[in-house]
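>>> just coords:
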């Protein structure tokens, strides 16, 4: 468990420890106390690296709420995408409407943006594509249920952390409630129609696009 890979960069590990410590609001003294070591020894370990005292680094990782691989590799299993550094020569590209629909595919998870009393609100939802519209299920009167006919946005993206690449598609349009029983049954048979959140979510919402745009980040 405490073997250090040859590719481990001591400087990167020390930087990640300081960044994580600052994120948690811990001082150097507080981290040292939680890791059961003196602050001077903590500073020395950050320079010496995990090979010098693997158990000491295990205690540091535990104090920071990280696993040993997360400390060494800099990627938490539950972290949001985007942990890697930008590509050496990033290349942003605008997508055509057909390319946008091709990337969105038949179904997946996206984010619905709704107007709110003080500011827009955004919620993740399982969605399906139906005749060049976005459809999803939610609870009537719930947070992700827009008023019938209200303007909304819908965003879908994909991130490749390993290669620092990705794409994003944004749909701007109008939300309409689906009330016809036959249509509801048909939509329920679409791939990806069942919400991960579970519970009773009988209201189908259809987002009819007025505009769809997308960008892809690649590299030279």
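Structure's in. What do you need? Keep in mind the model is a prediction, meaning the values are calculated, not measured.

>>> measure residue 135 to residue 218 for me?
Relative to residue 218, residue 135 is positioned 30 Å away (Cβ to Cβ, to the nearest Å). All C-beta spots, glycine's among them, are computed from the backbone N, C-alpha and C.

>>> helices or strands up against the longest helix anywhere in the chain?
The longest helix of the chain (DSSP state H) is helix 10-23. In terms of contacts (3 or more Cβ pairs under 8 Å, 6 or more residues apart in numbering; DSSP states H and E), helix 10-23 is packed against helix 28-34, helix 39-48, helix 68-73.

>>> picking up where we left off before, higher neighbour count, residue 135 and residue 218?
Here residue 135 and residue 218 are compared on neighbour count by other Cβ atoms under 10 Å; more neighbours surround residue 135, at 21 against 16.

>>> just checking, next helix/strand downstream of the helix or strand hosting that one?
Taking DSSP states H and E as the criterion, residue 135 maps to strand 134-138. The helix or strand immediately downstream of strand 134-138 is strand 151-160, counting by DSSP H and E.

>>> list the strands paired with that following strand, with their directions.
Looking at strand 151-160 with DSSP bridges, its partner strands are strand 107-114 (antiparallel), strand 165-178 (antiparallel).

>>> just how off-centre is the least confident helix or strand in the chain by mean pLDDT within its chain?
Using mean pLDDT, DSSP states H and E, helix 68-73 stands out as the lowest-scoring helix or strand of the chain, at a mean of 81. A distance of 20 Å separates the centroid of the chain from that of helix 68-73, by Cα atoms, centre = their mean, to the nearest Å.

>>> then stretch 106-116?
13 Å.

>>> same question, stretch 169-181
Distance, stretch centre to chain centre, for stretch 169-181: 24 Å (Cα atoms, centre = their mean).

>>> got it, and stretch 190-202?
On Cα atoms, centre = their mean, the centre of stretch 190-202 falls 20 Å from that of its chain.

>>> please begin residue numbering at 37 from this point
From this message on, residue numbering opens at 37, which makes the last subject stretch 226-238.

>>> pull the residues that contact it.
With Cβ atoms under 8 Å, 6 or more residues apart in numbering as the contact definition, stretch 226-238 has outside contacts at 142-145, 161-164, 166, 171-176, 178, 220, 223.

>>> tell me the buried residues in it?
For stretch 226-238, a neighbour-count test (16 or more other Cβ atoms under 10 Å) marks 228, 229, 231, 237 as buried.

>>> rewinding a little: narrow the contacts of stretch 226-238 to those that are buried.
Buried among the contacts of stretch 226-238 by 16+ other Cβ under 10 Å: 143, 144, 161, 162, 163, 164, 166, 171, 172, 173, 174, 223.

>>> residues in contact with the fifth one?
Neighbouring residues of residue 163 by Cβ under 8 Å, 6+ apart: 143, 144, 145, 146, 170, 171, 172, 190, 192, 228.

>>> tell me which helix or strand it sits in.
Per DSSP H and E, residue 163 falls inside strand 157-165.
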